[in-house]
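Peer 1: 3D, please:
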Amino acid sequence: MSRSLLLNLAPSANPAQVLSGDASIQVSDSVTVRRTSPNLYQEPRHQAFKQLDYDERFAFMLMNPDRELTVELAVTLDNGSVEVFNAYRVQHNNSRGPFKGGLRYHPDVDIDDVRSLASLMTWKTAVMDIPFGGAKGGISVDPTKLSERELERLTRTLVQRIKEVIGPDEDIPAPDMNTDGKVMAWLFDEYSKFRGFAPGVVTGKPIHLHGSLGRDAATGRGVVFGIRELLEHMKIGGVAGKSFVFQGFGNVGSWAADIIHDMGGKVVAVGDALSAVHNPKGLDIPALRNHVANGKRLDEFVDAEAIPVDEVLTFPCDVLVPAALGGVITESNAHKLDCKIVVEAANGPTTPKGDDILRSRDIMVLPDIYANAGGVTVSFFEWVQNRQNIKWEESEVNERLEKKMVSSFAPLWKIHQERNLPLRTATFVKAVERVARAENMRGLN
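Peer 2: Numbering: from 1, shown residues only. So this is what the prediction gives:
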C-alpha cells in the first residue's frame, strides 16, 4: 500500500492513535490500518513528534511502512518431506536511501515483530546520518532443527521469492538473530544467479567474499566510542579508571569489554545467560575471552569469583552495559541499579517503566538507537566498498567508524541540553527530523 493510498483510505482516522500505542485503527467497515505494535520505542518517538510539532497526519505517514511482504517458503527437507515456513520483509522508509535491515531466523518471528524492528532501523540510520532507510526481515523457523543443507535451501528459496524487492539500490539485508556471514553468502550467491554479480545486495558477508574488515568488532567498538563521547560531554573524565559491568558477553559485549580494558577501564563483573563472575580489581578480559572461546563457562574462570546471574545488573559500577537481551531493566529492578550510567549495547534492554525509574534517579542512559549503531555504520562501509569494488584496511574502517560515532553524538547532546530532554528522546528528535526533512525535500507534503 503506497503512502498516498494509505492516507486516502484513512481520512477519518485519528493519527494520534498511531502515536499513542493502538495496535490497529479501524478507518471504515472494511479497512483496518495496522501499525507497529506497542513497544518500548513508542513514547520517545511520540515525544519527538511533539517536540517537532509536525502535523499529525504527517507523523502518521512516517510511522507506517512503505511495503510489507509475507511469503510462504516450501522447502524439501533431507528426509524427502516438504515443510512450509512463513517469511516476512517489511520496508519501512527509504526517503534517505535504500532500505536496510537484518534478516533473522527464529521460531517467534512474526509480522508485528518485524514491522517494529523495521521502523527502528529507519531511525537508527537517520541518527547516524548514513544514506539508508529502514527494513527488517525474518523467517519463522527454529534453525537448530534444520541441517546446514536445509538452512541453505531455505535461504535460497527466500531469495527466489523476494528478489524483486531487494538489491544494492533497493533493500540490503544483513545478519541478525541466528543468521551470519554464511547465510549472507548464500543470499548473495542466489541473488547473483538472477541479477548478476552483486555483492552489495547484502552486508555482513565473510571477509574473503567481499565482506569488510572490522565488521566483527564494529558494534562493540561503536559502543566504546559512544561511552567515551558521553563521559567527555558529561565532563566526568574518560574511560580510564572507570568501573564497568557487562550483562552479556557475546560478540558485542566481549568486544566492547576488551576495548574498554585496553583503554584502562576496569571491568569488574561480567555475566551471560548461564553464569557470572566478578573481580573488584578488574577482570583480565583478554584471558576471559580466550577462556570462553574454548567452550568454558564464565564461572569456571580461575581469576574471578562467581556471582548469581541475576545480580549482574545491580552490581556496583560507574557504567552498566546491558549487551544481551531486551527488556532486562524493568520496574522491578531499575530502583536497585547501582551505577551512574546505563549504556544500551543491546536492543531495547530498558522497558518504558524501567526507563522512567532511571530518569527519576538521575541515571544517564545512552540509548540503543545510537549506542549499538556501530554495526549498521560499518555495514554501510561494506556496501560502499562493494559498490566501488575496493577494500579498505581495517585501520581505515575503524577510523571512519570513530569519526561517525563522534560526529553523530554531538547534535544529540546539543538537543538534550538545549531542550532539556532525556537523551533517548533527543536522539529520536534528531532521527525524525532528518527523515521528515528528506520526505519534504523529495516533494511529499
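Peer 1: Tell me if I'm right that residue 247 and residue 328 touch.
Peer 2: Yes. Applying C-beta atoms under 8 Å as the test, residue 247 and residue 328 come out as touching, 6.6 Å apart. In this view, the C-beta of every residue, glycine as well, is placed from N, C-alpha and C.
Peer 1: anything in contact with each of the two?
Peer 2: Shared contacts of residue 247 and residue 328, defined by C-beta atoms under 8 Å, 6 or more residues apart in numbering, comprise 313, 322, 349.
Peer 1: Of the residues you listed, which is the most crowded?
Peer 2: Among the shared contacts of residue 247 and residue 328, the one with the most neighbours (other C-beta atoms under 10 Å) is residue 349, at 29 neighbours.
Peer 1: Name the nearest residue to it, ignoring sequence neighbours.
Peer 2: Closest residue to residue 349 apart from its sequence neighbours, by C-beta to C-beta, 6 or more residues apart in numbering: residue 322 at 3.7 Å.
Peer 1: looking at it, that neighbour is touching residue 313, isn't it?
Peer 2: Yes. Counting by C-beta under 8 Å, residue 322 touches residue 313, with 7.1 Å between them.
Peer 1: the more surrounded of residue 247 and residue 328?
Peer 2: residue 247 (25 against 19).
Peer 1: Just list the residues touching that one, thanks.
Peer 2: Taking C-beta under 8 Å, 6+ apart as the test, what residue 247 contacts is 253, 271, 312-313, 320-324, 328, 349.
Peer 1: From those residues, pick the one nearest residue 115.
Peer 2: Comparing the contacts of residue 247 against residue 115 with C-beta to C-beta picks out residue 349 as the nearest, at 20.6 Å.
Peer 1: quick one: contacts for the closest residue in space to residue 175 that isn't next to it in sequence?
Peer 2: Closest residue in space to residue 175, ignoring its immediate chain neighbours: residue 204 at 4.0 Å, by C-beta to C-beta, 6+ apart. Applying C-beta under 8 Å, 6+ apart, we find residue 204 in contact with 174-175, 180-181, 184, 211, 215, 379, 382.
Peer 1: Inside helices: which ones of those residues?
Peer 2: Among these, DSSP state H puts 181, 184, 379, 382 in helices.
Peer 1: Could you pull up the residues touching the second one?
Peer 2: Under the criterion of C-beta under 8 Å, 6+ apart, the contact list for residue 184 reads 173-175, 202-206.
Peer 1: Go again with 7 Å.
Peer 2: 175, 202, 204-205 (C-beta atoms under 7 Å, 6 or more residues apart in numbering).
Peer 1: again with the last one
Peer 2: Residue 382 makes contact with 203, 211-212, 215 under the criterion C-beta under 7 Å, 6+ apart.
Peer 1: repeat that for 10 Å
Peer 2: Residues near residue 382 by C-beta atoms under 10 Å, 6 or more residues apart in numbering: 172, 174, 199-200, 202-205, 210-215, 218, 391-392, 397.
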